[in-house]
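Next one to model:
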Amino acid sequence: MNADNKCSLGRESAYVELAVEVFSMLADATRVRIILALRDQELPVNSLAELVDKSPAAVSQHLAKLRLARIVLTRQEGTKVFYRLANEHARQLVADAIFQAEHSLSNDPAHHRGMHPAPEETR
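Next up, the predicted model:
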């Protein structure tokens, strides 16, 4: 589905300020790494902490912010809370930002050659 058909992308869009808030929420390397870790699966805090090489307490704080911004959702199973992305847009924003970063370093970035990194390479 093309999201461009569903909302206004004009300069005067009512969503511009909200979009800026989304970008500011993603302007943190740990949060970007959390989104990359959650792009194809749901995970509990301890697993996420291992994947992003941060303490569970730090990851919990980042997840709380992402949850308030409605970027991640939770599911409780017994005493464990599992986190997942709320929708595909956060995944795509982060992927596009990384692809843009690749352009900064190369005239022939890997994503143009169909060479996408494996999930463990994005940590």
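
All the helices of this structure, residue numbers only.
16-25, 29-38, 45-52, 56-68, 88-105 (DSSP state H).

Which elements pack onto the shortest one?
Here helix 45-52 touches helix 29-38, helix 56-68, strand 80-85, going by 3 or more C-beta pairs under 8 Å, 6 or more residues apart in numbering; DSSP states H and E. The C-beta positions use only the backbone N, C-alpha and C, and glycine is treated the same way.

Parallel or antiparallel, list what pairs with the shortest one.
What that stands for is strand 80-85. Applying DSSP bridges, strand 80-85 is found paired with strand 43-44 (antiparallel), strand 72-77 (antiparallel).

Work out the gap between the first one and the centre of the chain.
Going by C-alpha atoms, centre = their mean, to the nearest Å, the spacing between the C-alpha centre of strand 43-44 and its chain's C-alpha centre is 15 Å.

hang on, the earlier thing: ok, which of the helices of the chain comes nearest Gln76?
Among these, the nearest to Gln76 by C-beta to C-beta is helix 45-52 (12.1 Å).

winner for burial among the strands paired with strand 80-85?
strand 43-44 (a mean of 18; mean count of other C-beta atoms under 10 Å).
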